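Asks: any chance you could fold what I've pasted below:
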Amino acid sequence: MGGRELVELTNKVYKQTLLFPKKEPLRYKIRETADEILKNVVEWEAINKKDLIFEIEKDLQVIKAYFNIAKWQNWVSYFDILRIELEYDKVREYFKNQAIQIQTIQIPKQKTVKEIKIVKKPLNLRKQKILDILKQKEKVQVGDIKEIMKDVSKRTLRRDFDELLKQHLVERIGQSNNTYYVLIK
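Replies: Residues are numbered from 1 along each chain as shown. Okay, here's the model as predicted:
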């Protein structure tokens, strides 16, 4: 649905609403909504702004409600309003498809709890020993573990703790020299 076709459709709306009583608020509400739809569609075509699709959809629902009222007022032919309404239904269908495409492309798949558990790596003996020490003591620092595992560097132990943090097995508390690690229950 291009802007040119929508301009013609908006003109049809204006012509039909000319037949409404002059002071009838519905006459102006339908025109305002048709103008808003046209403006948003033209803007969407120019910059492809995704959030406009939802504005367009909202305005299309509003104009449909207005048409439903107008069809029963006998100011114009029921079928003339119905034809215009059907053309707006085509616009709605087009933008509904656009919204579905954007949602499918834009929304990254979120990991479920089961997938996160599958991603976890099996613990090596050193990490398992760190967890065993944490079970005995409520909290430890990297230096405490270094005293027990003398042949392992502090840098390696920090990497081990980072892995345990990523796997949500331990929690880091404090900063700098006051950093402790505790088990997550």
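
Asks: drop to CA atoms for contacts and neighbour counts, all remaining ones
Replies: Will do.

Asks: touching, Tyr78 and Trp72? I think so.
Replies: Yes: Tyr78 is in contact with Trp72 according to C-alpha atoms under 8 Å; the separation is 7.2 Å.

Asks: tell me which of the two has more neighbours.
Replies: For Tyr78 and Trp72, the more surrounded residue by other C-alpha atoms under 10 Å is Tyr78, and the numbers stand at 15 against 12.

Asks: chain neighbours aside, what residue packs nearest to the more buried one?
Replies: Excluding its sequence neighbours, the residue lying closest to Tyr78 (C-alpha to C-alpha, 6 or more residues apart in numbering) is Lys71, at 4.9 Å.

Asks: and the pLDDT at Gln141?
Replies: Note on Gln141: pLDDT of 94.

Asks: got a list of what it touches?
Replies: By C-alpha atoms under 8 Å, 6 or more residues apart in numbering, the contact list for Gln141 reads 179-181.

Asks: change it to 10 Å
Replies: Applying C-alpha atoms under 10 Å, 6 or more residues apart in numbering to Gln141 gives the contacts 134, 157-158, 161, 172-173, 177-182.

Asks: of the residues you listed, closest to Lys58?
Replies: Arg172 (46.8 Å; C-alpha to C-alpha).

Asks: the closest one in helix, strand or coil?
Replies: strand (DSSP: H, G, I helix; E, B strand; the rest coil).

Asks: same thing with Val182?
Replies: Val182 - assigned by three-state DSSP - is strand.

Asks: leaving out chain neighbours, which residue sits closest to it?
Replies: Closest to Val182 by C-alpha to C-alpha, 6+ apart is Lys139, at 4.8 Å.

Asks: gap between the one you found and Glu36?
Replies: For Lys139, the distance to Glu36 equals 61 Å [C-alpha to C-alpha, to the nearest Å].

Asks: cool, Glu85 as well?
Replies: 16 Å.

Asks: same deal with Gln175?
Replies: Distance, Gln175 to Glu36, using C-alpha to C-alpha: 54 Å.

Asks: these two: which has the busier surroundings?
Replies: Using other C-alpha under 10 Å, the more surrounded residue of Gln175 and Glu36 is Glu36, with 16 against 8.

Asks: now do the SS call for the more buried one.
Replies: Glu36 - assigned by three-state DSSP - is helix.

Asks: ok, the residue nearest to it when sequence neighbours are not counted - contacts?
Replies: Spatial nearest neighbour of Glu36, excluding adjacent residues (C-alpha to C-alpha, 6+ apart): Asp59 at 7.4 Å. Neighbouring residues of Asp59 by C-alpha under 10 Å, 6+ apart: 32-37, 40, 53, 65, 92.

Asks: any idea how far the helix or strand harbouring Asp59 is from the chain center?
Replies: Per DSSP states H and E, Asp59 falls inside helix 51-71. Distance, stretch centre to chain centre, for helix 51-71: 22 Å (C-alpha atoms, centre = their mean, to the nearest Å).
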